[in-house]
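J.: sharing a model prediction with you, sequence too.
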Amino acid sequence: MKDTDTKTAAPKRGQRVNVRTPDVMQRVQAEVAEHYRSEVVDKLRARNEGLTIGNTTVRLTKQFGFCYGVERAIDLAYATRNVFADNDVYLIGEIIHNQEVNRQLAEMGVCPLPGDSAVDEIDKLGPDDVVIVPAFGADTPTMEKIKERGCHVIDTTCGDVMSVWKRVRKYAKDGRTSIIHGKSTHEETRATASRAEGKDGKGNYLVVLTLDECDYVCDYIRQGKGDKEDFLQRFSGGHSSGFDPDLHLSRIGVANQTTMLKSETEEMQRRLSTAIRERDESAEGSPNDNFQVFDTICGATQERQDALFEMLENQLDLLLVVGGYNSSNTAHLVEIGEKELPTFFIREADCLKSLEQVLHFDLHQKEEVTTYSKILLGDDPVVVGITAGASCPNNLIEDTILKVFKLRGIDADEVKNH
Ligand code: SF4
């Protein structure tokens, strides 16, 4: 994919680079549009009532697919390839959680750092190498190691993620433990947790994923202490080193991974706030600023969740949620949908194997499974809702729309020309 006629001369070592110059961006935008744009999706987006052909209707949520943070990360990755056309360009993990986008970048020679541990591979980097930091950021030890190697760094971390870092750093400075609503293995949460340790590394954090885990923490807070070993075992891998629940739950600040389910985050905030208040009211002379909260769900996640709630107010027979199986914000859209109607979490149109057979990710079994459903069968009218996570490109959404119609006997040209 290196275009030798149009490439820009690579910057010299150590030189500070702005890869988003107007000429580079012009080329990049054309490439990005070619890879991910869809006219069918653009058309459907403009029609609130959805698209009905024969007895089949497909509706799209008002908000879906690429968010501003993902768009920026992809633009920067493409621009990097353009500017550093002859250098080795690496990614820390995946640029975003979508296999189609990562595949496309790999084809352009932008690949994840090889090996099981990115940190080991960083030692092999030299000053001519280029490292792209993904939209969810990277933890501080990794960033420091990259800096030591002196390579070019293109940081695509989303501004909304950096706002969370700012908040947890402040908690650490104030001597507060960060309670992070998120998944301890998710890249963004790992990056946020490393910032919660503060500049001096003495800050503490605890990652809480479910309301059950939150209730366990709340009980511990109310009692003032408990079975410390059990606590540490339960949250193994999700707390700062040296974290002591008997000491470090006295003053807390809550933050969250930007892509969590908003209603769950709010419930967690309420439960933790109540537990701290009840504990402190029963202790004489206690200060009552032992709880702080900062809602760090990002705007794009919230908009996609709100748009799905809105679409669910209409009659739908089936919901398809398109996106990477490791995408947190996409999984939360599935959770919202499956409370209301048959919902399938699919990574691409090919998952719709036939009118009956759907290959999809089951959030409860945590694996891809096959389900047989009769909803699309027959000649009765069917309304299919489609939404997609913030990391899903429009071309994958288009493929899904076309596949639904195709299975119902309507070919792609008829959909495109309707
Ligand atoms: S989902 Fe939110 S935090 Fe993540 S990249 Fe998009 S806008 Fe940024």
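T.: Received the coordinates, thanks. Numbering: from 1, shown residues only.

J.: next, His360: secondary structure please.
T.: Three-state call for His360 (DSSP: H, G, I helix; E, B strand; the rest coil): strand.

J.: with the one 10 residues further on instead?
T.: Here Thr370 is recorded as strand under three-state DSSP.

J.: now the residue in the chain that the ligand sits nearest to: closest residue in space, sequence neighbours ignored.
T.: Nearest to the ligand, among the residues of the chain, is Gly69, at 2.5 Å (C-beta to the nearest ligand atom). (Each C-beta comes from the backbone N, C-alpha and C, glycine too.) Nearest residue to Gly69 in three dimensions, chain neighbours excluded: Cys158, at 3.2 Å (C-beta to C-beta, 6 or more residues apart in numbering).

J.: if I look at the one you found, what pLDDT would I see?
T.: pLDDT for Cys158: 96.

J.: go on, the one 3 residues further on?
T.: Confidence at Val161, expressed as pLDDT, is 97.

J.: pretty sure it sits against Val133.
T.: No. At 10.5 Å, Val161 does not count as touching Val133 under the criterion of C-beta atoms under 8 Å.

J.: any weak-confidence spans in the chain?
T.: By pLDDT under 70, the weakly predicted segments of the chain are 1-17, 114-119, 282-288.

J.: could you list the domains of it?
T.: Following automatic domain parsing, one finds the domains of the chain at 39-65+300-417, 69-158, 160-297.

J.: so what's the gap between the second one and the chain middle?
T.: Put plainly, it is domain 69-158. Its chain's C-alpha centre and that of domain 69-158 lie 17 Å apart, by C-alpha atoms, centre = their mean, to the nearest Å.

J.: quick check: end-to-end length of it?
T.: End-to-end distance of domain 69-158 (C-alpha to C-alpha, to the nearest Å): 5 Å.

J.: just to revisit the earlier point, now for the domains of the chain, which one comes closest to Arg27?
T.: Comparison of the domains of the chain against Arg27 by C-beta to C-beta identifies domain 69-158 as nearest, at 6.0 Å.

J.: give me the element Phe345 is part of.
T.: In the assignment (DSSP states H and E), Phe345 maps to strand 343-346.

J.: same question for Thr142.
T.: If you go by DSSP H and E, Thr142 is part of helix 140-149.

J.: what is that helix packed up against?
T.: Here helix 140-149 touches helix 118-122, helix 187-196, going by 3 or more C-beta pairs under 8 Å, 6 or more residues apart in numbering; DSSP states H and E.

J.: quick one: contacts for the closest residue to Cys151 other than its chain neighbours?
T.: Nearest non-adjacent residue to Cys151, counting by C-beta to C-beta, 6+ apart: Asp129, 4.4 Å away. If you count contacts by C-beta atoms under 8 Å, 6 or more residues apart in numbering, Asp129 has them with 87-90, 149, 151-152.

J.: any buried residues in the helix or strand where Ile386 lies, and which?
T.: In the assignment (DSSP H and E), Ile386 maps to strand 382-388. By neighbour count with 16 or more other C-beta atoms under 10 Å, strand 382-388 contains the buried residues 382-388.

J.: now swap in stretch 155-164 and tell me
T.: Buried residues in stretch 155-164, counted by 16+ other C-beta under 10 Å: 156-158, 160-161, 164.

J.: out of the residues you listed, which are inside helices?
T.: Counting by DSSP state H, those place 160-161, 164 in helices.

J.: could you dump these into JSON lines and include distance to the ligand?
T.: Shown next, in JSON lines, are those (distance: C-beta to the nearest ligand atom, whole Å):
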{"residue": "Asp160", "distance to the ligand": "4"}
{"residue": "Val161", "distance to the ligand": "5"}
{"residue": "Val164", "distance to the ligand": "8"}
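
J.: between those, which is nearest Glu414?
T.: Nearest member of these to Glu414, counting by C-beta to C-beta, is Asp160, at 40.2 Å.

J.: hang on, the earlier thing: dihedrals phi and psi, the residue nearest to Gly69?
T.: Phi and psi for Cys158, reported as degrees, to the nearest 10, are phi -70, psi 140.

J.: got the contact list for it?
T.: 68-70, 72-73, 135-137, 258, 298.

J.: of these, buried ones?
T.: Buried by 16+ other C-beta under 10 Å: 69-70, 72-73, 135-137, 258, 298, out of those.
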